[in-house]
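A.B. asks: Please find the sequence and the predicted model below.
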Amino acid sequence: MKVALTGYPNSGRSTIFNTLCDSFTESSIDKGRLKVRLGSSKIEDHRLDKVAELFNSAKKTLSEMQFNDFEYQQDDSSQQKGLDDQMIAQLKMADALVYVVRGFIDESIYYRFDKIDPLRDVESIESDIIITDMSSAEKRLTRIEHDLKKKGRKELQIEYDLILRINNILNEERPLRLESFTDEEKKTIRGFGFLTQKNCIVLINADDDGNFPGDLETIKKRCSEKGIGVLVLRGKLQAELKELDKEDQEIFIKEMGLEETAVVKLIKAVYKTVGIIHFFTGGDTEARSWTTKKGATAYDAAGAIHTDFQTRFIRAEVIKYDDLVKYGSEKACKDAGVYRSEKREYIVQDGDIIFFRHN
Ligand SMILES: Nc1nc2c(ncn2[C@@H]2O[C@H](COP(=O)(O)OP(=O)(O)OP(=O)(O)O)[C@@H](O)[C@H]2O)c(=O)[nH]1
Ligand SMILES: [Mg+2]
């Protein structure tokens, strides 16, 4: 699960990134033109302890959420002012986008606009992203028009019609995440990596008291019309919280009236927006939690672990977490008849413990 943090300079993106990650590395891309920081955070799931205990596993591995943080770069060379190619490449790699928008007011910290206005920023970033998608759609249309003149292939015409439809949607400033596409269409557009098709969350970086200009309900309403979730975090406060040890953190969380740490809050929001579930694998060497999207098949889940598991898939043997806890062991589950053999089309459920049989 990869999440890209994006947002204007001095919105507090890096502050938030630091509070989210257990550790990170920094790299320079394109001769130092873009600095990218890549970090990750373990996703706690108490069920893994139980799975490890029941399988006598030597070690436990939690799944991770990856975050990246890079500068916001617009492409000033083009008239439309889309985003910079290197930045687009970073966004394309992500499963979900988080727009960090500045909510804190601090005259001593420069901002590109005179006034702090989270909703304006959301709309402005969303517009940059729409323009970026439009520009890839238009490029493809021009290319196909050229090829059609030469060959006139039927598949090309189908693709042309689809991209034209997409371009019209974008022209009306509608993000593609609101549209539904058939499986066939999804396949055709997968390679484009349209950014407005990605799940998206707005993270308002509020001041230490949790305040920001604008009305949260209005922002939520406007965002939900675009299929975007909203989250409010106090970036600087959360960064201070991160510096404390576990015990003091809990006291601080209570005193400041925070419900939980930034990372827990964001992970929950991403889970809700993207529709993520956990499944487990267990054995004597390792018990491990994995993430996949709701609605994923056993075949998809196998691919999340290893491509070999997918290409050589025979079947998935599944125990429900609650059954494992109830009966206490793999064998007891078999005896009770709750150990099931499933085909590749099986829809994985949250908490499934899966053994992938492959040849
Ligand atoms: N008062 C206040 N200051 C904050 C808050 N969050 C971040 N800052 C400050 O704002 C400045 C910019 O924060 P960064 O996290 O570096 O912002 P950024 O979005 O990563 O900026 P760029 O990397 O330049 O794009 C720093 O001085 C932070 O300490 C906040 O919630 N309240
Ligand atoms: Mg930064």
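C.D. replies: The structure has been received and is ready for your questions. Ligands and ions are numbered 1, 2, ... in the order given.
A.B. asks: which residues sit against stretch 124-143?
C.D. replies: 6-8, 74, 78, 80-83, 88, 91, 97, 99, 101, 159-160, 163-164, 166-167, 170-171, 173, 175-176, 192, 194-196, 226, 228 (CB atoms under 8 Å, 6 or more residues apart in numbering). No exception for glycine: its C-beta is placed from N, CA and C like everyone else's.
A.B. asks: interface residues of this structure facing ligand 1?
C.D. replies: 7, 9-15, 71, 104, 106, 109, 205, 207, 234-236 (CB under 6 Å from any ligand atom).
A.B. asks: Just the helices from this structure, written as ranges.
C.D. replies: For the chain, the helices defined by DSSP state H occupy 13-20, 47-55, 85-92, 118-150, 154-171, 183-190, 216-225, 235-242, 246-255, 262-274, 298-305, 307-311, 321-327, 330-335.
A.B. asks: Pick the most deeply packed of these.
C.D. replies: When you average the neighbours per residue for each of the helices of the chain (mean count of other CB atoms under 10 Å), helix 13-20 leads with a mean of 22.
A.B. asks: Please name every helix or strand in contact with that helix.
C.D. replies: Helices and strands touching helix 13-20, by 3 or more CB pairs under 8 Å, 6 or more residues apart in numbering; DSSP states H and E, are strand 2-6, strand 34-42, strand 64-70, strand 199-205, helix 235-242, helix 262-274.
A.B. asks: what's the angle from that helix to strand 2-6?
C.D. replies: Interaxial angle of helix 13-20 relative to strand 2-6 (axes from the mean of the first three to the mean of the last three CA atoms, to 10 degrees): 150 degrees.
A.B. asks: Could you list the residues in contact with helix 13-20?
C.D. replies: Applying CB under 8 Å, 6+ apart, the external contacts of helix 13-20 come out as 5-7, 24, 37, 39, 41, 67, 69, 100, 203, 205, 233, 235-236, 238-239, 241-242, 261-263, 266.
A.B. asks: before we move on, what about stretch 99-110?
C.D. replies: 5-8, 10-13, 16, 111, 116, 118, 121-122, 125-126, 200-208, 211-214, 228, 232, 235-236.
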